[in-house]
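S.K.: requesting a structural model of the entry that follows:
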Amino acid sequence: SSTVRITPLSSTTTDEATEAEISGLLRPSYPIESIPLRIGHGFDIHKMVPLEEAGQPVVIGGVTIDHKDQKWTDKDGKYTDEPNSIYETQLGVLAHSDGDVIYHSLVDAIFGALTLPDIGQVFQDTDPRWKGCDSSKFMEHAYDVMKYYGYQIGNIDVTLILERPKVAGFKPKMKENIVRLLHTTEGRVNIKARTHEQVDSVGELRSLSCHVVVTLEKVVEKKEE
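M.R.: Predicted structure coming up:
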């Protein structure tokens, strides 16, 4: 029977049992029907904290977001004298991998469109192989799975939600990365970014989030004349 080959994403030796388990998750007992169009939605959210606590920068769409010190709300008073005080700091993202909300949402949307398990089941945050992992590896794997089932990107619509830092200048590179990793074209990828109007954890710079909608098209093989 056909199997999806999971390529180890680290230089360490991968346990064969773990590899087989992940492969099984991506090969459900029911058939993935060959319908012409599939739609998937993905969502991700991560905490933002001072860089010294996160231990890694803010990475979105494969781009490290360089920024000036930001006015982060210290809700617990960990860095200031009083809870809910403003602490000016460089920001980082708390996550098991690199915490790339666009890439994680995209992978989830692709898996969802194919009726497969979510990214958290496939790449578990308890697995040391994914600690600090570059999320482009997850994107490459999602592309391989999509291709295995005979689909290609129809179009991608990204809505990134964060108060600060501003990302308008980084969007072209994010788009370039998505086009390259998912083997598609610029006319099929859109990235929008908006603030959260200073509301809740996103508005207080304590988190960032992302929604993605993706369509997958069934690849039709051209018949030889």
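S.K.: rest of the way, CA atoms for contacts and neighbours
M.R.: Fine.
S.K.: where does the closest residue to residue 146 other than its chain neighbours fall, phi/psi-wise?
M.R.: In space, residue 146 comes closest to residue 152 once its chain neighbours are excluded; the distance is 6.7 Å by CA to CA, 6 or more residues apart in numbering. Main-chain torsions, residue 152, degrees, to the nearest 10: phi -140, psi 170.
S.K.: for residue 152, grab the count of nearby residues.
M.R.: 20 (other CA atoms under 10 Å).
S.K.: do the one 5 residues further on as well
M.R.: A total of 17 residues lie near residue 157 under the criterion other CA under 10 Å.
S.K.: in this protein, which spans are helices?
M.R.: Along the chain, the segments classed as helices by DSSP state H run 16-25, 51-54, 101-113, 119-122, 136-148, 171-181, 200-203.
S.K.: hmm, residue 69 and residue 164 touching each other?
M.R.: No - at 10.2 Å, residue 164 does not count as touching residue 69 under the criterion of CA atoms under 8 Å.
S.K.: more neighbours: those two, which one.
M.R.: More neighbours surround residue 164 than the other of residue 164 and residue 69, with 22 against 13 (other CA under 10 Å).
S.K.: and that one, what does it touch?
M.R.: The contact partners of residue 164, taken as CA atoms under 8 Å, 6 or more residues apart in numbering, are 70, 195, 205.
S.K.: out of those residues, who's the most crowded?
M.R.: Counting neighbours by other CA under 10 Å, residue 205 comes out on top of those with 24 neighbours.
S.K.: how close does residue 157 get to residue 218?
M.R.: To residue 218, residue 157 is 19 Å away according to CA to CA, to the nearest Å.
S.K.: the longest strand belonging to the chain pairs with which strands?
M.R.: The longest strand of the chain (DSSP state E) is strand 37-50. Partners of strand 37-50 in the sheet, by DSSP bridges, are strand 91-94 (antiparallel), strand 207-218 (antiparallel).
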